[in-house]
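A.B. asks: What follows is a predicted structure for the sequence shown.
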Amino acid sequence: QVQLVESGGGLVQPGGSLRLSCAASGHTFSTYGMGWFRQAPGKERTFVAAIDWSGSTTYYTDSVKGRFTISRDNAKNTGYLQMNSLKPEDTAVYYCNAEGYLLYGSYDAGTSWGQGTQVTVSS
């Protein structure tokens, strides 16, 4: 199981941008898919985006398509989520997940989770 540490969250105005990072320890990060999830206050944790082990295939929930971009740098054991055109409804704690599988347009989450980073979109 890898250890994950998210960073890059904060307060941003509507229409602004943030870039989240997920730093992983361990030797298995680069051999599995990874994903980002979010949890708004009083709501369940939901899927945001995922990427396969090589970085060649990505998958997004409909509400973030065209605004968010997931990527990874296996040499640095780090994943990223670039978030543009942020909306108040994007406000949530964002969690990184690793050791998952992205197959046939669906992400099967692994058991490794980060501690989360808060993203607040407000004027």
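C.D. replies: Received, thanks.
A.B. asks: How much space separates the residue positioned nearest the centre of the chain from S123?
C.D. replies: Taking Cα atoms, centre = their mean, the centroid of the chain lies closest to W36, which sits 2.5 Å from it. W36 sits 24 Å away from S123, going by Cβ to Cβ, to the nearest Å. C-beta here means a position set from N, CA and C on the backbone, and glycine is covered the same way.
A.B. asks: what do you get for T91?
C.D. replies: 12 Å.
A.B. asks: Give me the neighbour count for Q118.
C.D. replies: Applying other Cβ atoms under 10 Å, we find 12 residues neighbouring Q118.
A.B. asks: which residues sit against whichever strand or helix holds it?
C.D. replies: Using DSSP states H and E, Q118 sits in strand 117-121. Applying Cβ atoms under 8 Å, 6 or more residues apart in numbering, the contact partners of strand 117-121 are 6-14, 16, 18, 20, 38, 83, 86-94.
A.B. asks: Show me what counts as buried in the biggest strand by length in the chain.
C.D. replies: Secondary structure of the chain per DSSP state E: the longest strand is strand 92-103. Under the neighbour-count criterion of 16 or more other Cβ atoms under 10 Å, strand 92-103 has A92, V93, Y94, Y95, C96, N97, A98, E99, G100, Y101, L102 buried.
A.B. asks: Same check on stretch 32-43?
C.D. replies: Buried residues in stretch 32-43, counted by 16+ other Cβ under 10 Å: Y32, G33, M34, G35, W36, F37, R38.
A.B. asks: Going by residue numbers, what spans are helices in this structure?
C.D. replies: With helices called from DSSP state H, the chain shows none.
A.B. asks: returning to that earlier point: can you lay out the buried residues of strand 92-103 as JSON lines showing distance to S25 and pLDDT?
C.D. replies: Output for these, formatted as JSON lines (distance: Cβ to Cβ, whole Å; pLDDT from 0 to 100):
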{"residue": "A92", "distance to S25": "25", "pLDDT": "98"}
{"residue": "V93", "distance to S25": "21", "pLDDT": "98"}
{"residue": "Y94", "distance to S25": "19", "pLDDT": "98"}
{"residue": "Y95", "distance to S25": "16", "pLDDT": "98"}
{"residue": "C96", "distance to S25": "12", "pLDDT": "97"}
{"residue": "N97", "distance to S25": "15", "pLDDT": "97"}
{"residue": "A98", "distance to S25": "10", "pLDDT": "95"}
{"residue": "E99", "distance to S25": "12", "pLDDT": "92"}
{"residue": "G100", "distance to S25": "17", "pLDDT": "92"}
{"residue": "Y101", "distance to S25": "20", "pLDDT": "92"}
{"residue": "L102", "distance to S25": "21", "pLDDT": "90"}
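A.B. asks: I appreciate the help and will end here.
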